[in-house]
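> here is my input; please provide its structure:
(chains A and B)
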Amino acid sequence: MNDGWLALIQQAFGLLFSLDPDVWAIVSVSFSVSFAALAITLLPSMILGFMLAFGQFPGRWFITNMIQTLQSIPTVVIGLLVYLMLTRMGPLGDLRWLFTQKGMILGQMLICAPVLVSMSQAAFTSVDRRAWETSRTLGASWLRAIWTLCRELKVPLLLAIVAGFSRILTEVGCSMMVGGNIAGVTRNIPTAIALETSKGDFAQAIALGLVLLILSLILNFTLGTLRGKAEPRSH
Amino acid sequence: MVKVIAQDIEMRFGERTLFTVERLQLAQGQTIHLQGDNGSGKTTLMKLLAGLVSPTKGKVSVQGFAPLPWWRSNPLLGKAVYLHQHPYLFDGSVEYNLNYPHPFCEMSKQQLEQRTQDAIHKADLVHLTKQAASSLSGGERQRLAIARAWIMQPKLLMLDEPTSNMDTYSQELVLSMVKDLQQIGTGMLVSSHQSCVLTSLCDQSWQIADQGIRSSTPSKEGINSDPITLQEPRYVIAN
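Here you go, the predicted structure:
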């Protein structure tokens, strides 16, 4: 590693630890938008995942396949779709959400939901049916029984949440198209990294990359600890 | 008196008919031994009477249960308890599992705490209360599951092969808890291939065979049974 690289990394750490307002404004936009998208999507997605796992209704197979398809659609295509909906001539044009954080939240919700639904469906499908029956026969209401299942499945459900959050926190395509990368308003970590790299300002790009890396380490080590504590079930 | 009545029931899995019953009744005070070959539908019948599954055709009705609030539609849940052959224990300690049904029991906090302590001693789980339920042996799991139900004082109790994983000591403990429940009038349905300590408590027997259910009562000469008539091989009045 030459001196230039070392200097860049030193500068990046300097920006982070000196609480550079530009860097932390970008981090703040990223987290507030992604947390909002996750918070709005979480409960409906889990309920849909539960219904797809346990319910027997017409169209279940179709919905499951559609959700799995949506999971693999590139974020830039979702960005294009949301852009077309929010543009002046689009069906949601009157909302004037294009190039705002609300527009970014909408886009990220569409990216996050299929991941959450699909992974929670897989988790609920894997649960031992006796857990549901035991909870119900002991007198739990269906809502309480669902809560019991969620508790039994805490590790796979947390994995689903982390996967959904990681996907929206790191996506560039949709945020760039719908948010427009406006400094202090819609510029988030991935769009800022893309911009700073194209400008040649690698220090800020590395600083922002480090934030994502540290977050990723924290999330994965926390999950690893949880997974380690979860003992294999004997039946 | 609480009773659950299954009327004109047909249970099918796809094309396969498990059993059909004209009328079947399980009431408080009864202790019934349920017999039948593997796959004959013993577990399904127990789950049906516990309100966990619905029949393909027919109706399961209940009598003597307290009226329910509007958000609860099934009076059997929490009152007619079904115990799996391999009981399911929730992720957590033995104590957590014993406390799980507390919010659903119509007893005061003090009564529940007292019953839980009694259950811990009756099932000899004193040294295991803080231990993870997943680490228990087969017999201990059964004891814990029955102790959990014992705390609730259910009106009806379905025990699916309850002694299959147990040594003699565990069987004695379970027998004592089951006798307690019998004394307070809990109606019980005990499924078991062979005679065991619990089947000796039974005053009646149901046999699932040829897609029907035959009821019989033990007598000095042996078993008095109401056999299936050849004309109606799939419909039997069980009580």
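> would you mind listing what in chain B touches chain A?
Neighbours of chain A within chain B, by C-beta under 8 Å from any C-beta of the partner chain: B:47, B:50-52, B:71-72, B:77-82, B:84, B:86-88, B:90-91, B:100-101, B:103-105, B:132, B:134-135, B:148-149, B:152. Placement of C-beta: from N, CA and C, glycine included.
> how deep is residue A:218 tucked in, by neighbour count?
A count of neighbours around residue A:218, defined by other C-beta atoms under 10 Å in any protein chain shown, yields 10.
> what comes up buried for whichever strand or helix holds it?
In this assignment (DSSP states H and E), residue A:218 forms part of helix A:202-229. Neighbour-count burial for helix A:202-229, counted by 16 or more other C-beta atoms under 10 Å in any protein chain shown, picks out A:202-212, A:215, A:219.
> give me the mean pLDDT for it.
The average pLDDT within helix A:202-229 is 87.
> how close does whichever residue of chain B sits closest to chain A sit to residue A:193?
In chain B, the residue that lies nearest chain A is residue B:78 (2.4 Å; C-beta to the nearest C-beta). Distance, residue B:78 to residue A:193, by C-beta to C-beta, to the nearest Å: 55 Å.
> rewinding a little: surely the residue of chain B closest to chain A touches residue A:138?
Yes: counting by C-beta atoms under 8 Å, residue B:78 touches residue A:138, with 6.4 Å between them.
> any shared contact partners between the two?
B:101, B:104, B:152 (C-beta atoms under 8 Å, 6 or more residues apart in numbering or on different chains).
> now the residues you listed in a markdown table, with neighbour count, secondary structure and distance to residue B:204?
Compiled in a markdown table, these are given as follows (neighbours: other C-beta atoms under 10 Å in any protein chain shown; DSSP: H, G, I helix; E, B strand; the rest coil; distance: C-beta to C-beta, whole Å):
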| residue | neighbour count | secondary structure | distance to residue B:204 |
| --- | --- | --- | --- |
| B:101 | 23 | coil | 28 |
| B:104 | 16 | helix | 29 |
| B:152 | 25 | helix | 24 |
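> what is the nearest of those residues to residue B:171?
Proximity of the shared contacts of residue B:78 and residue A:138 to residue B:171 (C-beta to C-beta) peaks at residue B:152, which lies at 21.4 Å.
> where does residue B:40 land in three-state SS?
Following DSSP: H, G, I helix; E, B strand; the rest coil, residue B:40 is assigned to coil.
> list the contacts of the nearest residue in space to it that is not next to it in sequence.
Counting by C-beta to C-beta, 6 or more residues apart in numbering or on different chains, the nearest residue to residue B:40 once its immediate chain neighbours are dropped is residue B:208, at 4.3 Å. By C-beta under 8 Å, 6+ apart, the contact set of residue B:208 is B:19, B:34-37, B:40-42, B:45, B:214.
> list phi and psi for the residue positioned nearest the centre of chain B.
By C-alpha atoms, centre = their mean, chain B has its centre lying nearest to residue B:158, at 0.4 Å. Main-chain torsions, residue B:158, degrees, to the nearest 10: phi -110, psi 120.
> with adjacent residues omitted, what lies nearest to it?
What sits nearest to residue B:158 in space, not counting adjacent residues and going by C-beta to C-beta, 6+ apart, is residue B:46, at 4.0 Å.
> who's in contact with the residue nearest to the centre of chain B?
B:46-47, B:49-50, B:80-83, B:188-189, B:191.
> over to residue B:88?
By C-beta under 8 Å, 6+ apart, residue B:88 lies in contact with A:128, A:130-131, A:133-134, A:235, B:145.
> now do the buried residues in the strand or helix carrying residue A:124.
Assigned by DSSP H and E, residue A:124 belongs to helix A:101-126. Of all the residues in helix A:101-126, those buried under the rule 16+ other C-beta under 10 Å are A:101-121, A:123-124.
> now do stretch B:32-45
B:32-36, B:40-45.
> helices of chain B, residue ranges please.
Per DSSP state H, chain B carries helices over the ranges B:42-49, B:94-99, B:109-122, B:138-152, B:168-183.
> what helices or strands is the longest one leaning on?
Judged by 3 or more C-beta pairs under 8 Å, 6 or more residues apart in numbering or on different chains; DSSP states H and E, the packing partners of helix B:168-183 are helix B:109-122, helix B:138-152, strand B:187-191.
> 6 Å instead, please
When contacts are defined as 3 or more C-beta pairs under 6 Å, 6 or more residues apart in numbering or on different chains; DSSP states H and E, helix B:168-183 sits against helix B:138-152.
> what about the helix it packs on, distance to the chain center?
Its chain's C-alpha centre and that of helix B:138-152 lie 13 Å apart, by C-alpha atoms, centre = their mean, to the nearest Å.
> report the mean per-residue pLDDT for it.
Averaging pLDDT along helix B:138-152 gives 95.
> show me what that helix is packed against.
Helix B:138-152 sits against helix B:94-99, helix B:109-122, helix B:168-183, with contacts defined as 3+ C-beta pairs under 6 Å, 6+ apart.
> can you say which of those is packed in most?
When these are scored by mean count of other C-beta atoms under 10 Å in any protein chain shown, the highest mean neighbour count falls to helix B:94-99 (a mean of 20).
> ok, and what's touching that helix?
B:89-90, B:116, B:125, B:128-129, B:131, B:133, B:144, B:148 (C-beta atoms under 6 Å, 6 or more residues apart in numbering or on different chains).
> nearest spatial neighbour of residue B:6, chain-adjacent residues omitted?
With C-beta to C-beta, 6+ apart, the residue lying closest to residue B:6 is residue B:24, at 4.3 Å.
> show the pLDDT at the one you found.
With respect to pLDDT, residue B:24 scores 92.
> that one: neighbouring residues, count only.
The number of residues packed near residue B:24 is 23, by other C-beta under 10 Å.
> cool, residue B:77 as well?
Residue B:77 is flanked by 24 other residues according to other C-beta under 10 Å.
> surely it and residue B:50 touch.
No: at 8.0 Å, residue B:77 does not count as touching residue B:50 under the criterion of C-beta atoms under 6 Å.
> could you measure from the spatially most central residue of chain A over to chain B?
The residue lying closest to the centre of chain A (C-alpha atoms, centre = their mean) is residue A:165, at 2.2 Å. As judged by C-beta to the nearest C-beta, to the nearest Å, residue A:165 and chain B stand 24 Å apart.
> and residue A:214, by the same measure?
Relative to chain B, residue A:214 is positioned 31 Å away (C-beta to the nearest C-beta).
> hmm, back to that, the residue nearest to residue B:6 and residue B:7 touch, don't they?
No: contact criterion C-beta under 6 Å: residue B:24 and residue B:7 do not qualify, at 7.9 Å.
> tell me the confidence at the residue nearest to residue B:40?
As predicted, residue B:208 sits at a pLDDT of 93.
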